[in-house]
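In: What shape does this take:
(2 chains)
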Protein chains: 2
Amino acid sequence: MALIVKKFGGSSVKDAEHVKNVAGIIVDEYKSGNNVIVVVSAQGDTTDDLIEKAKEISPNPTKREMDMLLTAGEQISISLLAMAIETMGCPVISLLGWQAGFNTDSHHGIARIKKINTERMKTELAKGNIIIVAGFQGINKYDDLTTLGRGGSDTSAVAIAAAMSADRCQIYTDVDGVYTADPRKVKGAVKMDEVQYDEMLEMATLGAQVLNNRSVEMAKKYNVELEVLSSLERKPGTIIKEHTKMEKTLIRGVAKDTSVTTISLVGLNDKPGVAFKLFNKLAQYNVNVDIILQSVGRDGTKDITFTVSHEQCDDALKAIDAMKDVFECKEVKTNNSMSKISIVGAGMETNPGVAAKMFEALYDKDINIHMISTSETKISVLIDTELADRAVQAVHDAFIG
Amino acid sequence: MALIVKKFGGSSVKDAEHVKNVAGIIVDEYKSGNNVIVVVSAQGDTTDDLIEKAKEISPNPTKREMDMLLTAGEQISISLLAMAIETMGCPVISLLGWQAGFNTDSHHGIARIKKINTERMKTELAKGNIIIVAGFQGINKYDDLTTLGRGGSDTSAVAIAAAMSADRCQIYTDVDGVYTADPRKVKGAVKMDEVQYDEMLEMATLGAQVLNNRSVEMAKKYNVELEVLSSLERKPGTIIKEHTKMEKTLIRGVAKDTSVTTISLVGLNDKPGVAFKLFNKLAQYNVNVDIILQSVGRDGTKDITFTVSHEQCDDALKAIDAMKDVFECKEVKTNNSMSKISIVGAGMETNPGVAAKMFEALYDKDINIHMISTSETKISVLIDTELADRAVQAVHDAFIG
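Out: As a prediction, this is how the structure comes out:
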């Protein structure tokens, strides 16, 4: 008898029909002889509807009360899903985050899990119950409800799998697995049977939307075997684990991130420590800087260009403005029509020809590269957004076919 | 500095505008220098909407999962109300039933409060916070959510007022107080400044819709001063307490109950113990019998007629059917077009002329009385429902004017 953790997102339980479909998947697993713990998000638009209700009342509610409001969403979906399973004749119980033992810190809206007290879940499994757990939520030491922030339900599922030593954690989505590139956009994109944690992490960071990084990092840390699969089709998805059978394939995927803004400080006074102070200040403003390019300018000045996500552009400019007493620069330029195209694959560092092959594929299509960044497991280039889809196809054709 | 408990029902918080209005009432009380604890129900149709969602999935969900589902309703309303108060610049915190310390038994859907652990509420008051508590809900010893059943939020409010030794418990409704009769139907109906617990209990039992009995009983038991008032008008309502200033007014109100079915067992074999066995069986079927009339029939038989609410008629007939081996009767007749008209007033038993005056008022309007029931604090008569409104007006005119 295995213990399987399954996670279903909001679109998988958006109405009664979808809830019944998900209940069927769960009951099939249970009837095959396995223990099942299910993590579920709020139904479809529930969270957005609740946010809208809050906005009608307050432009800036406290995060503590927002967490109180939003956690009601999963409370509704877990009870409805439990009811659907009841009608199929299987023993089931729904548990809120705190009932399932999710203890978090007190950062409302972005809380981190500190500990999962597994006693209640173990008791319910021992009774033979299927357990339905509200994702995305926990409780702090003051007994106040907290939410885990973006991708929270995935994190909840992986955390349960880790704490309960589950045999597998299945993340159900609206795609049937992890592809070498976005299958809606790239011809010849291939579904992978298995990928490694690090490859998945790179792909998520670089714009693949399937799983959020926090849950993959946690899965890697606790060695939880993940599977990404579809809630609408009953077929195997993509397994994510430490060592895969497919080491020989060098390039595992091509990813695209269109939310890239470049910020250029042109004609910067070339004093020592300018770069350090700049990126230190950006860090203080919680700005995540991705690619950095520094070049020698004219007349003893230099230029620094870096990329941030669209959302962080304003914060980055504020940080730069706060530095105007520390250094001078002739001009600050921003450009938000850039995209980052990346190839990902473990073991890339031992294959120096990979970068050249990527650049050649782009050159053949007359696509100009603005910036380049490499790591052990990825090569990223910055190009104009209007060329991004063509670039992904060209790179995919060159490496995967 | 007084401690005031305020309770607002679902219609008082049905949308953003109403939530803001209620927030204004609370903030005014707080700014006048008092401590305030607020109990609030789910918004408007939320509970019905959630029940509808459950029905789409299961014809007969377990009560445990229904409680999980329905308690999300108050969770939404408490957080929204707290947000509205935040925008008015007052410190506030929302608490779920279990956070406010409501420990109940495990009868899901109709749980009884066992104990209120007041520690958290006291801590929050000491911090200067307004407290918004989710009504209608608590937690059992297994850490599962429970609901208190019908009128639950009123009960929550009175229970908090008792546990926290509040100076007053204000129940806000869509009427501005307790009237001598339904002001929408009876000309000359008068709002009372004060009534006694027992009078209020009689009036609630007899069909007045303002407060449910469970909360009045609890208020009486713990001597909590209640006030019924309007959430839409800022003026005093009706105070409900042990001893009122108005002992001299004999008749405090006229009530009407149109949900009356009479069941007659005609031509019953007159064996000893028949009545006892009949009403014992009805109690086993959880049927609440109100007025009972026994009369001598023909040929050594007797007739027994009693009244039940419309909803309990089927159960009563089942109970009678289960008795067919014990006694024989010629015929079982039911009539569901009866209404009960009652006058209520403490000290009525010392005024023998009251009943005669009531019967005379009805006789003057040609209204026929089918059955009569009296107690220390009320006189009830059963008449045809089509005459009920005329009867209430006639009795009200005779006693109150």
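
In: need the contact list for residue A:118.
Out: Residues near residue A:118 by Cβ atoms under 8 Å, 6 or more residues apart in numbering or on different chains: A:101, A:163-164. Just so you know, the C-beta spots here come from the backbone N, C-alpha and C atoms, and that holds for glycine as well.

In: What of residue A:136?
Out: Residue A:136 makes contact with A:41-42, A:70-71, A:74, A:97, A:147-148, A:152-153, A:156 under the criterion Cβ under 8 Å, 6+ apart.

In: same check, this time on residue A:20
Out: Counted by Cβ under 8 Å, 6+ apart, residue A:20 has contacts A:84, B:57.

In: For it, what are phi and psi?
Out: Phi and psi for residue A:20, reported as degrees, to the nearest 10, are phi -70, psi -40.

In: Which of the contacts of residue A:118 fall in helices?
Out: Among these, the ones falling in helices (DSSP state H) are residue A:163.

In: Please produce CSV containing the contacts of residue A:118, extended by distance to chain B.
Out: Shown next, in CSV, are these (distance: Cβ to the nearest Cβ, whole Å):
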residue, distance to chain B
A:101, 10
A:163, 18
A:164, 18
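
In: about what we covered before: so of the contacts of residue A:136, which two are at opposite extremes in space?
Out: Among the contacts of residue A:136, the pair separated by the greatest distance (Cβ to Cβ) is A:70 and A:156, at 13.9 Å.

In: Give me the more crowded residue out of the two.
Out: When neighbours are counted by other Cβ atoms under 10 Å in any protein chain shown, residue A:70 and residue A:156 differ, and residue A:156 comes out ahead with 29 against 25.

In: What score does that one have for pLDDT?
Out: Reported pLDDT at residue A:156 in the predicted model: 96.

In: export the contacts of residue A:136 to a markdown table and tack on distance to chain B and secondary structure?
Out: Converted to a markdown table, the contacts of residue A:136 look like this (distance: Cβ to the nearest Cβ, whole Å; DSSP: H, G, I helix; E, B strand; the rest coil):
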| residue | distance to chain B | secondary structure |
| --- | --- | --- |
| A:41 | 14 | coil |
| A:42 | 10 | coil |
| A:70 | 9 | helix |
| A:71 | 7 | helix |
| A:74 | 9 | helix |
| A:97 | 12 | coil |
| A:147 | 12 | strand |
| A:148 | 18 | coil |
| A:152 | 17 | helix |
| A:153 | 17 | helix |
| A:156 | 17 | helix |
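
In: so which of these is the most crowded?
Out: If you rank the contacts of residue A:136 by neighbour count (other Cβ under 10 Å), residue A:74 sits at the top with 32 neighbours.

In: close enough to count as contact, that one and residue A:41?
Out: Yes - counting by Cβ atoms under 8 Å, residue A:74 sits close enough to residue A:41 to count as a contact (6.4 Å).

In: where do the contact lists of these two overlap?
Out: Applying Cβ under 8 Å, 6+ apart, one finds that residue A:74 and residue A:41 are jointly contacted by A:135-136, A:153.

In: can I get the residues you listed in JSON lines with pLDDT and distance to residue B:257?
Out: Compiled in JSON lines, the shared contacts of residue A:74 and residue A:41 are given as follows (pLDDT from 0 to 100; distance: Cβ to Cβ, whole Å):
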{"residue": "A:135", "pLDDT": "96", "distance to residue B:257": "48"}
{"residue": "A:136", "pLDDT": "95", "distance to residue B:257": "48"}
{"residue": "A:153", "pLDDT": "93", "distance to residue B:257": "50"}
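
In: Centre of the chain to the helix-or-strand element of chain A with minimal mean pLDDT, how far?
Out: Ranking every helix and strand in chain A by mean pLDDT, DSSP states H and E puts strand A:292-296 at the bottom, with a mean of 77. Relative to its parent chain, strand A:292-296 has a centroid offset of 29 Å by Cα atoms, centre = their mean, to the nearest Å.

In: who does the very next helix or strand once past that strand touch, helix- and strand-wise?
Out: Toward the C-terminus, strand A:292-296 is succeeded by strand A:301-308 as the next helix or strand (DSSP states H and E). Counting by 3 or more Cβ pairs under 8 Å, 6 or more residues apart in numbering or on different chains; DSSP states H and E, the packing neighbours recorded for strand A:301-308 are strand A:253-269, helix A:274-284, strand A:292-296.

In: One more pass at 6 Å, please.
Out: Based on contacts counted as 3 or more Cβ pairs under 6 Å, 6 or more residues apart in numbering or on different chains; DSSP states H and E, the elements that strand A:301-308 packs against are strand A:253-269, strand A:292-296.

In: Mind listing residues that contact it?
Out: Outside strand A:301-308, the residues within contact range by Cβ atoms under 6 Å, 6 or more residues apart in numbering or on different chains are A:260-268, A:270, A:287, A:289-297, A:316.

In: Look up phi and psi at the residue in the stretch 301-401 of chain A positioned nearest to chain B.
Out: For the stretch 301-401 of chain A, the nearest residue to chain B under the criterion Cβ to the nearest Cβ is residue A:311, separated by 24.3 Å. Its backbone dihedrals place residue A:311 at phi -60, psi -30, with angles given as degrees, to the nearest 10.

In: Need the pLDDT of the residue found closest to it once you drop the neighbours it is linked to in the chain.
Out: In space, residue A:311 comes closest to residue A:259 once its chain neighbours are excluded; the distance is 7.4 Å by Cβ to Cβ, 6 or more residues apart in numbering or on different chains. Residue A:259 carries a pLDDT score of 87 in this model.

In: got it, and residue A:243?
Out: 73.

In: and the residue nearest the centre of chain A, what does it touch?
Out: The centroid of chain A falls nearest to residue A:212 when counting by Cα atoms, centre = their mean (1.5 Å). Shown in contact with residue A:212 (Cβ under 6 Å, 6+ apart): A:151, A:154.

In: wait, residue A:313 sits on residue A:261?
Out: Yes - using Cβ atoms under 6 Å, residue A:313 and residue A:261 qualify as a contacting pair, with a distance of 4.5 Å.

In: mind listing the strands for the stretch 1-150 of chain A?
Out: Counting by DSSP state E, counting those that start in this stretch, one finds strands in the stretch 1-150 of chain A at the ranges A:3-8, A:35-40, A:92-95, A:102-104, A:113-116, A:130-134, A:137-139, A:145-147.

In: on that earlier part again, hey, which of the helices and strands packed on strand A:301-308 is tucked in deepest?
Out: The highest mean neighbour count among the helices and strands packed on strand A:301-308, using mean count of other Cβ atoms under 10 Å in any protein chain shown, belongs to strand A:253-269: a mean of 21.

In: Provide the strand pairings for that one, with the direction of each partner.
Out: Here the strand partners of strand A:253-269, with direction, are listed using DSSP bridges: strand A:301-308 (antiparallel), strand A:331-344 (antiparallel).
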